[in-house]
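> my questions are about this predicted structure, shown below with the sequence.
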Amino acid sequence: MKLLVLYLLLLKATATSFSGLSSLPVLREDLVVRHQMLSDAQLNLAVTAGRSGPGPNGLYVVSVGYLIGGLSGAVAGWLAMITPTFLVIPLVRFVGARADRPRLRSAIRASMTASAGLLLAATLPLARGALTDGVLIGVAAGSFLLFAFTRLESVWVVAAAAAAGLVHAAVVG
Amino acid sequence: MSVSLRALAGLFLRAGNLTFGGGDAITAVLQRELVVRRGWITLDEFALAQSLGGVTPGPRILAFAAAVAWIVRRGIGAVTAVLAISVPSAIVTVALTAGFDSLRGSRAATLTLAAVLASAIGLMWAAGWLLLQPQLRRDAWLKPVIVFAGAVVVFVVWSVSPIQVLAVAAVIGALWVDPA
C-alpha cells in the first residue's frame, strides 16, 4: 500500500511538470513538507545523484523512490517517471497527420529554432560552473567541433573526453 | 526506411546511458545520430517530436524518445526506446544514490566526470548549431535569427519558461510563413 501511495505521489509530481527537475516543487511539498517521508538533505542527495550519472535529469525521482522505499521504491519512482511519457503518441499521431500544412510546418520549425536558442541559453550557467580551467574549455570546444562538423560516432567523443579527464587527473595528481 | 528493433534499441541504449548532461545532451546526440548520421527521420520529423515532447508531462527526453521511436517503429519502438533510455540509467542512479559519498571522494572520478560534462556542453552547442544551420537560407534567414536570438534573450534576461518561449515561437512561425 505504501508503495502505491509513493507511486501516486511521485506520479502527481511527474505528470504535472514538463521537464526533469520542474517536478521538484510539487514533490518536495508532498514528500518533505506534507507527508515527511523524506528530508531536505535526502532530496538534495537524490537530485545530485540523479544529475551525476548519465540519462535524463528526471532520474532523481528514481533516487527519491529508492531513499524512501529501497529497491521497490526505486521501481515505483521509475514507473512514475515513464508513465506520462506515452501521452506523446496520440499527440504525434494527430499533429503528424497534419504536418505538411505550410502554416503548421512553419510553426514547428520556428519552435525548433527557439529550442536551439533555449539550448544555448541553458548551457550558459552550466558552462560557468563546469568549464573551470583550460583543459575543460578545450574539451568542450573540441567536442563542439567534432559533433558539429564530423560524423564521428558520439560515444567516441564522450570516451575521448573521459580519457582526457583521466589524463588530467594523472597529471595534476 | 526499415529499421530493426535491435538497431533502435542499441542507439537509444547508447545515447541514453552513455550521455552525461541530462535530456538536452541526449537530444543532441539523438539529433545527430537519427537525422545526420543514420537518416532514419527527417529534420521536420525531429522538430515535430521535439516540439510535442516539450508539451508532454514528465521528462521531456523520454517523451521525445517515445515520439521519435514511434515515428520509426510505431508502438513497439516507443516502448523499446523508453525502456532502453531509462532502465540502465535508473540502475546507475540507484547505485550512485547508495554510494555517492565514496564516489565524490575520488579525485580521478571527479575530474573524469568534469571532462565528460564539458564534452556534454560542447555537444549541446553543436546541437543548437545543427538545429539552426539548416534554416539559415539566403532568402529566409531573418525569421530564424530573430526567433533564435529572441529565445536566448527572453530566457536568460527575463527567465520566461521554455514552454512559453516555444509557444510564442510557434505562433510567430504560424503567422510568418516563408515562401516555399
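Arrived safely.
> right, and residue B:19 touches residue B:26 too?
Yes: assessed by CB atoms under 8 Å, residue B:19 is found in contact with residue B:26 at 4.8 Å. To be clear about C-beta, it is placed using only N, CA and C from the backbone, and glycine gets the same treatment.
> intersection of neighbour lists for those two?
Common neighbours of residue B:19 and residue B:26, using CB atoms under 8 Å, 6 or more residues apart in numbering or on different chains, are residue A:55.
> compare the two (neighbour count), which wins?
Per other CB atoms under 10 Å in any protein chain shown, whichever of residue B:19 and residue B:26 has more neighbours is residue B:26, with 33 against 29.
> quick check, pLDDT for the more buried one.
As predicted, residue B:26 sits at a pLDDT of 88.
> surely it touches residue B:17?
No: applying CB under 8 Å, one finds residue B:26 not in contact with residue B:17, separated by 9.3 Å.
> joint contacts of those two?
Joint contacts of residue B:26 and residue B:17 (CB under 8 Å, 6+ apart) are A:55, B:85.
> tell me how chain A divides into domains.
According to automatic domain parsing, chain A comprises the domains A:2-86, A:131-173.
> relative to residue B:165, which of the ones you listed is closest?
domain A:2-86 (12.1 Å; CB to CB).
> host element of the residue lying closest to residue B:12 once chain neighbours are set aside?
Excluding its sequence neighbours, the residue lying closest to residue B:12 (CB to CB, 6 or more residues apart in numbering or on different chains) is residue B:84, at 3.9 Å. Element membership of residue B:84 [criterion: DSSP states H and E] is helix B:60-104.
> who does that helix touch, helix- and strand-wise?
Helix B:60-104 sits against helix A:40-52, helix A:60-82, helix A:88-96, helix B:5-17, helix B:23-31, helix B:43-54, with contacts defined as 3 or more CB pairs under 8 Å, 6 or more residues apart in numbering or on different chains; DSSP states H and E.
> how far does the helix or strand following it sit from the chain's center?
Next in sequence after helix B:60-104, counting helices and strands by DSSP H and E, comes helix B:107-132. Relative to its chain's centre, helix B:107-132 lies at 14 Å (CA atoms, centre = their mean, to the nearest Å).
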